[in-house]
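Novice: what follows is a predicted structure for the sequence shown.
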Amino acid sequence: MNRSISRNAIKKISDYLYEIPASFREDMKVPARIFVSEKMLEKALSDNSLWQLVNVATLPGIQKYALAMADIHQGYGFPIGGIAAVDIANEGAISPGGIGYDINCGIRLLASNNFFEEVKPKIKDVAFSIFNAVPSGTGKGGAISLKTKELEKVLQKGARYLLEKGYGIKSDIEFCEEKGAFENVDFTQVSSKAKKRGQEQIGTLGSGNHFLEIQIVDEIFDEKAAAILGLEKNQVTIMIHCGSRGLGHQVCTDYVHEILSKQDEWGYNLVDRQLACAPFNSIEGQNYLQAMKAAANFAWANRHMITHRVREVWQSVFGPDCKISTVYDVSHNIGKCEFYEIDGKRKELFVHRKGATRAFGPNHKDIPLEYRPIGQPVLIPGDMGTASYVLLGTQKSIDESFGSICHGAGRAMSRTKAKKQTKGFLLRQELEEKGITVCCNSDRGLAEEAPIAYKNIDEVINVVTGAKLAKKVARLKPIAVIKGD
Ligand SMILES: Nc1nc2c(ncn2[C@@H]2O[C@H](COP(=O)(O)O)[C@@H](O)[C@H]2O)c(=O)[nH]1
Ligand SMILES: [Mn+2]
Ligand SMILES: [Mn+2]
């Protein structure tokens, strides 16, 4: 099957929005839209991601558009950087591939009350101490070990369970999407194999793309909003990127397998097996939803425990009076039930965000009270040598992109290609020369994650802010990066 899409098939709607009309392919139920610039569109045409987006437009019950952001790149079935909302009451389908293998992978931003000049002389000390306190690397466990009953509590109560056990502080939960847990979760839908994989992995970072970064607030674009978020120029922040580790991966594997075997029964005629989905209201669809929620709770608990460890280390290096506060925690691989107006009617939709971040505008009830007047903070990592951003969601994102924007810069090249183009030890030297401390045991792993492997974060941010789906608050610059191998 020819998967290429020519530029001619794509209609320009505005400087930051392009569309593949529903007439492009017979089986499309809605158009496919991509928030991107002309320049970045060229990049998106270089892999199969737009073809995947067209496939998403065939999903049962899909509403309005299959959407993608400028960080789009090829993923499992759905493109990464994609959003699909389906009608729950009317034939909507839920797809594990639309959420991804690392369920509730996400970003947490911590603010210290220290400034660059104080941290600079101790940056190696604090970075390597965090590297030692937060296990990282493929399959790595060992931060804490949970008995089966304790793990089940994590699946039910997420980060809130760890808070009850004395880890972290209350505001860590309050400034987290869903306050650190989906409620009323049936954890029995998670297989024993998945639970086993999770038992040793709370408080661990994982490998590759996951990271812990010490940053400085390099530029403030909105002083008032920054003050509300507790951010000032030259202040030191810590960004955490990780998800549900082996547990979430196993949940996705289990349900893709189960759901695939029933496609004929449901009358689904999949254009790509990786789009495997189930009617939202079927037993299988509901079971996956419960397991996905349990894995999401595990991921929130994971980022909560890492926060606890970072706080312990920070206070041991800079003194017990130092404060580490959670600015916010966003999910970028998740599915949620949300209400939107479709053709003048309020409908409950299931919104798949796969490498996409929720970006609700001001006054939304799901934003913490303190932030409600300004909108939801959206945390967008860039790469280890350039920058990351703090943004705010807008009403326009609710109206045009199901309250969603991008999740990162997005890959510009595969890991294999990045390794061919970069020597890890040279990259390490370059970063150190730029004043970025590198804590990573593997030069090969470092090369796979080189800044050139990612798109330019400033360009991606200019698209989402140019399209008015988000507003800039601050740009963060790395001063130390911690990566697993
Ligand atoms: N600030 C940093 N950003 C990074 C780093 N490595 C990757 N990234 C960005 O994260 C997103 C999200 O990745 P995903 O695995 O969830 O798709 C990615 O698109 C990059 O922009 C880093 O070391 N520091
Ligand atoms: Mn992840
Ligand atoms: Mn991620």
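Specialist: Noted; the coordinates are in hand. Ligands and ions are numbered 1, 2, ... in the order given.

Novice: C-alpha from now on. contacts and neighbour counts both.
Specialist: Will do.

Novice: what sits against the closest residue to ligand 2 within the stretch 101-250 of the chain?
Specialist: Among the residues of the stretch 101-250 of the chain, C105 lies closest to ligand 2, at 4.4 Å counting by CA to the ion. Listed by CA atoms under 8 Å, 6 or more residues apart in numbering, the contact set of C105 reads 241-244, 299, 331-334.

Novice: how about the residue of the stretch 301-450 of the chain found nearest ligand 2, what does it touch?
Specialist: Nearest residue of the stretch 301-450 of the chain to ligand 2 (CA to the ion) works out as N333 at 8.0 Å. Applying CA under 8 Å, 6+ apart, we find N333 in contact with 99-100, 102-106, 352-357.

Novice: where does it fall, phi/psi-wise?
Specialist: With angles defined as degrees, to the nearest 10, N333 sits at phi -140, psi 90.

Novice: any idea what it is bridged to?
Specialist: When assigned by DSSP bridges, N333 has beta-bridge partners K354.

Novice: how close does it sit to ligand 1?
Specialist: For N333, the distance to ligand 1 (CA to the nearest ligand atom, to the nearest Å) stands at 8 Å.

Novice: same check, this time on L369
Specialist: Distance from L369 to ligand 1, counting by CA to the nearest ligand atom: 27 Å.

Novice: please apply the same query to K417.
Specialist: From K417 over to ligand 1 the distance is 16 Å, taken as CA to the nearest ligand atom.

Novice: i'd like the first residue to be 2 from this point on
Specialist: Shifting the count to begin at 2 puts that one at K418.

Novice: find the helix or strand that that residue is a member of.
Specialist: K418 is part of helix 416-422, with elements assigned from DSSP states H and E.

Novice: do the following helix or strand past that helix and ligand 1 meet?
Specialist: Once the chain leaves helix 416-422, the next helix or strand it forms, by DSSP H and E, is helix 425-434. No: legend: contact between helix 425-434 and ligand 1 by CA under 6 Å from any ligand atom is lacking; minimum distance shown is 11.4 Å.

Novice: list the buried residues for the helix or strand just after helix 425-434?
Specialist: Using DSSP H and E, the helix or strand that follows helix 425-434 towards the C-terminus is strand 438-440. Of the residues in strand 438-440, those buried under the neighbour-count criterion (16 or more other CA atoms under 10 Å) are 438-440.

Novice: which one of those residues is nearest to ligand 1?
Specialist: V439 (9.8 Å; CA to the nearest ligand atom).

Novice: residues in contact with the closest one?
Specialist: Counting by CA under 8 Å, 6+ apart, V439 has contacts 429, 432-433, 481-483.

Novice: please redo it, this time with the cut-off set to 10 Å
Specialist: Listed by CA atoms under 10 Å, 6 or more residues apart in numbering, the contact set of V439 reads 125, 128-129, 132, 214, 385, 428-430, 432-433, 447, 480-484.

Novice: what about the strands in the stretch 252-401 of the chain?
Specialist: In order along the chain, the stretch 252-401 of the chain carries the following strands (DSSP state E, counting those that start in this stretch): 279-280, 325-332, 334-343, 346-355, 358-359, 378-381, 389-394.

Novice: and those strands: which comes nearest Q157?
Specialist: With distances scored as CA to CA, the stretch of these nearest to Q157 is strand 334-343 (16.6 Å).

Novice: quick one, the closest one and strand 346-355 angle?
Specialist: Here strand 334-343 runs at 160 degrees with respect to strand 346-355, directions being taken by axes from the mean of the first three to the mean of the last three CA atoms, to 10 degrees.

Novice: for strand 334-343, list every residue counted as buried.
Specialist: For strand 334-343, using 16+ other CA under 10 Å, the buried residues are 334-336, 341.

Novice: same thing with stretch 144-159?
Specialist: By neighbour count, with 16+ other CA under 10 Å as the criterion, the buried positions of stretch 144-159 are 144, 147, 152-159.

Novice: sheet-wise, list the partners of the top strand by length along the chain with their directions.
Specialist: Ranked by residue count and defined by DSSP state E, the top strand of the chain is strand 471-484. Taking DSSP bridges as the criterion, strand 471-484 pairs within the sheet with strand 212-221 (antiparallel), strand 389-394 (antiparallel), strand 438-440 (parallel).

Novice: and the helices in the stretch 202-351 of the chain, which stretches?
Specialist: According to DSSP state H, counting those that start in this stretch, the stretch 202-351 of the chain carries its helices in the segments 224-230, 246-261, 284-319.

Novice: now G107: how far from I260?
Specialist: Counting by CA to CA, to the nearest Å, the separation of G107 from I260 is 25 Å.

Novice: tell me which of the two has more neighbours.
Specialist: Applying other CA atoms under 10 Å to G107 and I260 shows that G107 carries more neighbours, namely 28 against 19.

Novice: where does the closest residue to that one other than its chain neighbours land on pLDDT?
Specialist: With sequence-adjacent residues excluded and distances taken as CA to CA, 6 or more residues apart in numbering, G107 is closest to S332, at 4.1 Å. What the model reports for S332 is a pLDDT of 98.

Novice: could you tell me which residues of the stretch 102-251 of the chain lie near ligand 2?
Specialist: Remark: the part of the stretch 102-251 of the chain in contact with ligand 2 comprises 103, 106, using CA under 5 Å from the ion.

Novice: number of residues surrounding the residue of the stretch 102-251 of the chain found nearest ligand 1?
Specialist: Taking CA to the nearest ligand atom as the measure, the point where the stretch 102-251 of the chain comes nearest ligand 1 is N210, at 4.7 Å. Neighbourhood size, N210 [other CA under 10 Å]: 16.

Novice: now do the one 5 residues further on
Specialist: Neighbourhood size, I215 [other CA under 10 Å]: 25.

Novice: ok, it touching I124?
Specialist: Yes: taking CA atoms under 10 Å as the definition, I215 is a contact partner of I124 at 8.7 Å.

Novice: got any residues that touch both of these two?
Specialist: Taking CA under 10 Å, 6+ apart as the contact rule, the neighbours common to I215 and I124 are 437-438, 480-481.

Novice: which residue lies farthest from the center of this structure?
Specialist: The centre of the chain is farthest from one residue, E266, which by CA atoms, centre = their mean lies 32.9 Å away.

Novice: got the contact list for the residue most central in space within the chain?
Specialist: Residue closest to the average C-alpha location in the chain (CA atoms, centre = their mean): H333, at 2.5 Å. H333 makes contact with 81-82, 100-101, 103-108, 244, 353-359, 380-381, 405-409, according to CA under 10 Å, 6+ apart.
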